[in-house]
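A.B. asks: How does the following fold in three dimensions:
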Amino acid sequence: MSSDEITLRKLEIFLVFMRERNLARAAEALSLSSVSVHKAIHSLEAAVGCPLFAHRSRSLEPLESAFVLERHASEIIERIQRSVDETRSAAGISPSIFRIGTLYSLTVAVVPRIINALKESVPDCDIELVLGSNADLEDKLQAGDIDVALICVHGLGRRRHRIVRPLFDDEIHIASAAADAPRASAIPVDLRQYDGAPFVMLSQEFATGRDSYRMFLEAGITPRVVLRANDIFTLASLVKGGVGHALLPKRIDDIYPGDLSFARVAPNQRVTQTLGLCYLKSRAADERIVALEDAAVAVTG
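C.D. replies: Okay, here's the model as predicted:
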């Protein structure tokens, strides 16, 4: 294999085709002709030394080898982009893509408003949104996979190398399907009243999952968990469908307005989440982070 047989451009074309699964759509996305896309894929097959696609009439059906190459090619492109970003950063130039990590629960209302405000001040900012749990985004920030994280900061330990900017608080309530919930009352509820009741939960890598278990611990009960969810949207949907109760921050009401009933918890069992920005101190001078912080304060203040 010569050094010019496999190129980044061929890998990029291959990845776009794997995403679109159609020559015409891939060509349109790449601003190329269908013939050019087909030639690039054929050339890549020759360079790899094995077939990647089966020909079905006029279409190309990916073989198992194509899926393996897709996974590795994605990693290669990502690593090269990260290398370029780190090289530019060492030279005092901001990375070309601004990667913002955020919790799923903030994408309904808060994050779109912040990004719109950021775009007004930095219109040419190329943004990539990375979704994940609190723990996952903390790890990505530490590894340099994201530039800034919009997460729950009330449980973060103090570290000299990072900056934490609290933005707003959100109290956790007990949530139930509106159709099954008792009439709203101003009197806070004691979680011990729900001992033995069905609950749906998130794992403790999610801030809300961790805080929920903390609240049950304060109440001195063990929740009867009937189902676990991997994201807060699914969790809210399960509650809406009457599968069980959940402990959720009030911002989740934005997902299914009016379909969930929220009741405050007794003060000695209550947890309030603090949402904020977190970024490495070495990036404090990045104009995009400064602009994002200003936008976040303006939106949430």
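A.B. asks: any chance you could map the helices in the stretch 51-200 of the chain?
C.D. replies: With DSSP state H, counting those that start in this stretch as the definition, the stretch 51-200 of the chain shows helices at residue ranges 64-90, 110-121, 134-143.
A.B. asks: mind giving me CSV with those helices and columns for mean neighbour count and distance to Ala263?
C.D. replies: For every residue, glycine as well, the C-beta is placed using N, CA and C. Output for the helices of the stretch 51-200 of the chain, formatted as CSV (neighbours: other Cβ atoms under 10 Å; distance: least, Cβ to Cβ, whole Å):
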stretch, mean neighbour count, distance to Ala263
helix 64-90, 14, 44
helix 110-121, 17, 23
helix 134-143, 18, 24
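A.B. asks: Kindly reformat these as JSON lines containing mean pLDDT and distance to Leu217.
C.D. replies: Converted to JSON lines, the helices of the stretch 51-200 of the chain look like this (pLDDT from 0 to 100; distance: least, Cβ to Cβ, whole Å):
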{"stretch": "helix 64-90", "mean pLDDT": "82", "distance to Leu217": "40"}
{"stretch": "helix 110-121", "mean pLDDT": "94", "distance to Leu217": "29"}
{"stretch": "helix 134-143", "mean pLDDT": "88", "distance to Leu217": "18"}
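A.B. asks: Please produce CSV containing those helices, extended by distance to Arg160.
C.D. replies: Shown next, in CSV, are the helices of the stretch 51-200 of the chain (distance: least, Cβ to Cβ, whole Å):
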stretch, distance to Arg160
helix 64-90, 20
helix 110-121, 27
helix 134-143, 13
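A.B. asks: Looking at those, which is nearest to Ser43?
C.D. replies: Nearest to Ser43, of all the helices of the stretch 51-200 of the chain, is helix 64-90, at 13.4 Å by Cβ to Cβ.
A.B. asks: elements contacting the closest one?
C.D. replies: helix 8-20 (3 or more Cβ pairs under 8 Å, 6 or more residues apart in numbering; DSSP states H and E).
A.B. asks: by how many degrees do the worst-scoring helix or strand of the chain on mean pLDDT and helix 134-143 diverge?
C.D. replies: Every helix and strand in the chain was compared by mean pLDDT, DSSP states H and E; the lowest is helix 64-90, with a mean of 82. For helix 64-90 against helix 134-143, the angle by axes from the mean of the first three to the mean of the last three Cα atoms, to 10 degrees is 60 degrees.
A.B. asks: just how off-centre is helix 64-90 within its chain?
C.D. replies: On the basis of Cα atoms, centre = their mean, to the nearest Å, helix 64-90 sits 19 Å off its chain's mean C-alpha point.
A.B. asks: just to revisit the earlier point, which one of the helices of the stretch 51-200 of the chain lies nearest to Pro257?
C.D. replies: helix 110-121 (15.0 Å).
A.B. asks: nearest residue to the residue nearest the centre of the chain other than its sequence neighbours?
C.D. replies: For the chain, the residue sitting closest to the mean C-alpha position, by Cα atoms, centre = their mean, is Leu131 at 0.5 Å. Spatially, and ignoring its direct neighbours in sequence, Leu131 is nearest to Tyr104 (5.6 Å; Cβ to Cβ, 6 or more residues apart in numbering).
A.B. asks: What's the local residue count around that neighbour?
C.D. replies: Around Tyr104 there are 19 other residues, counting by other Cβ atoms under 10 Å.
A.B. asks: Pull up the gap between it and Ala236, please.
C.D. replies: Per Cβ to Cβ, to the nearest Å, Tyr104 is found 10 Å from Ala236.
A.B. asks: Also Asp126?
C.D. replies: As judged by Cβ to Cβ, Asp126 and Ala236 stand 31 Å apart.
A.B. asks: Counting neighbours, go ahead and name the busier of those two.
C.D. replies: Legend: neighbour count by other Cβ under 10 Å for Asp126 and Ala236, higher for Ala236 (24 against 11).
A.B. asks: So which elements touch the helix or strand hosting the more buried one?
C.D. replies: Using DSSP states H and E, Ala236 falls within helix 232-240. The contact analysis (3+ Cβ pairs under 8 Å, 6+ apart) places helix 232-240 against strand 162-177, strand 198-202, strand 224-229, strand 246-249, strand 260-263.
A.B. asks: would JSON lines of these with mean neighbour count be doable?
C.D. replies: Output for these, formatted as JSON lines (neighbours: other Cβ atoms under 10 Å):
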{"stretch": "strand 162-177", "mean neighbour count": "18"}
{"stretch": "strand 198-202", "mean neighbour count": "21"}
{"stretch": "strand 224-229", "mean neighbour count": "14"}
{"stretch": "strand 246-249", "mean neighbour count": "26"}
{"stretch": "strand 260-263", "mean neighbour count": "19"}
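A.B. asks: This completes my enquiry, with thanks.
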